[in-house]
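Undergrad: Sequence first, predicted coordinates after that:
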Amino acid sequence: MKTIAIKFLMGVICVTYCIIGQEPFVDMQTCHVRLIKRKKKEFCYISFVEIDGILYLVKQKRQQGHLLAVVHDALAAYIAQSLGDDIAHKVMIIPAFHKFPGKIYDDWPATIHTLAVGATLKNKRSPYKKMNIKQACQGFRRDMIPWMAKHRQLIIIMALDIFLCNHDRHRGNLFYNAKTDSFCAIDMDCLYKYSLGLYAHQNVKRMAENDLFPLTIQETFALLELRNTLQFLVDRHSPQEMLSIFDDLVKQAGLTQDSLVCSARVQAEIDLSRNLINQNYHDVKEFIVVLGHIIQQVIVLQPVLRNFQIIEDFEKKQHEYR
């Protein structure tokens, strides 16, 4: 962890640059920074900067009411790291009142990102061009399962979205590298508006009564992998740890309640996020239980599944829990 004291005319502000438990991926104090180009998007400004010969992306929201997005982006990237280095890009916060190339408003926070390899699915010809895994205010749906069955990384990304209540996953914020047949999740700043764990739990129970079955073998394995990934996340990241990281990132961004840039709207979003971090964690645990029951039903309907090691391991663990 590095602590840097920045002196202003009106006082002294101490800013901590870090990714919790990890070394920063870029030296924010470097003098070798060059702004390459800037784009004005619907909700944010995107700037490409070169630091010590490496390209990075700087993102800053256009409206003050959306500033908590920097905390969500950094939190999501941190949690994604526990699932593997390549599942999402890395993100660090550039605090409020810190001047940095690519920032439009120096007194607002921003984020700096590593660049994802490949291209978004939005305008790309690929087997995934028509894929829709956006959970929005509906949550997990039956039509998502065949897409998960096509690629293991899609299962991991969907588990990450459910765990973090990321309702805005779409083809524009999912990179695909055709050469390596791999995905990279980006732009994860729309968290904790809805409890996606609760929606998933309720939706799958309804599916089981209506259109969930029959499941193909690949779809069954996808649901089991989704369950296993969610189980890993709840085991790895307790709500207490999540809240501690969230609060630390809020401080890093300069969005504490006494801050000049923390509006009433931002504070309301902070409060909602803190509540949903705890609630969704428990809802995800319920979803894991429901997925376990679903998989057990499928095994009864298709005993041939017991010939697969992944099913044998699942049944062994279920027996141990009893």
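TA: Received the coordinates, thanks.

Undergrad: Pull up the gap between the most centrally placed residue in the chain and Ile87, please.
TA: By Cα atoms, centre = their mean, the mean C-alpha position of the chain lies nearest to Ala76, the distance being 3.7 Å. Using Cβ to Cβ, to the nearest Å, Ala76 is found at 11 Å from Ile87. Where C-beta positions appear, they are placed from N, C-alpha and C, glycine not excepted.

Undergrad: What's the mean pLDDT across the helix or strand containing Gly197?
TA: Here Gly197 sits within helix 196-209, counting by DSSP states H and E. Computed over helix 196-209, the mean pLDDT rounds to 97.

Undergrad: Could you list the buried residues of whichever helix or strand comes after it?
TA: Going down the chain from helix 196-209, the next helix or strand is helix 217-236, by DSSP H and E. Neighbour-count burial for helix 217-236 flags 219-231, 233-234 (criterion: 16 or more other Cβ atoms under 10 Å).

Undergrad: confidence score at the nearest residue to Arg236 once chain neighbours are set aside?
TA: Leaving out its chain neighbours, the residue that sits closest to Arg236 by Cβ to Cβ, 6 or more residues apart in numbering is Ser82, at 5.4 Å. We have a pLDDT of 97 for Ser82.

Undergrad: helices and strands around the helix or strand containing Ala268, which ones?
TA: In the assignment (DSSP H and E), Ala268 maps to helix 264-301. Applying 3 or more Cβ pairs under 8 Å, 6 or more residues apart in numbering; DSSP states H and E, one finds that helix 264-301 contacts helix 152-164, helix 196-209, helix 217-236, helix 239-253, helix 309-321.

Undergrad: Compute the inter-axis angle for the longest one and helix 264-301.
TA: Orientation note: helix 217-236 sits at an angle of 130 degrees relative to helix 264-301 (axes from the mean of the first three to the mean of the last three Cα atoms, to 10 degrees).

Undergrad: neighbouring contacts of helix 217-236?
TA: Under the contact criterion Cβ atoms under 8 Å, 6 or more residues apart in numbering, helix 217-236 has outside partners 79, 82-83, 145-146, 148-149, 152, 155-156, 158-160, 162-163, 215, 281, 284-285, 287-288, 291-292, 294-295, 298, 302, 305, 308, 310-311, 314.

Undergrad: Pull out the buried residues from those.
TA: When the contacts of helix 217-236 are checked for burial by 16+ other Cβ under 10 Å, the buried set is 79, 83, 145, 148-149, 155-156, 158-160, 162-163, 215, 281, 284, 287-288, 291-292, 294-295, 298, 305, 311, 314.

Undergrad: re earlier: what sits in contact with each of Ala76 and Ile87?
TA: Leu160.

Undergrad: Is Arg34 in a helix, a strand, or coil?
TA: Counting by DSSP: H, G, I helix; E, B strand; the rest coil, the backbone at Arg34 sits in strand.

Undergrad: Bridged to it, which residues?
TA: Glu50 (DSSP bridges).
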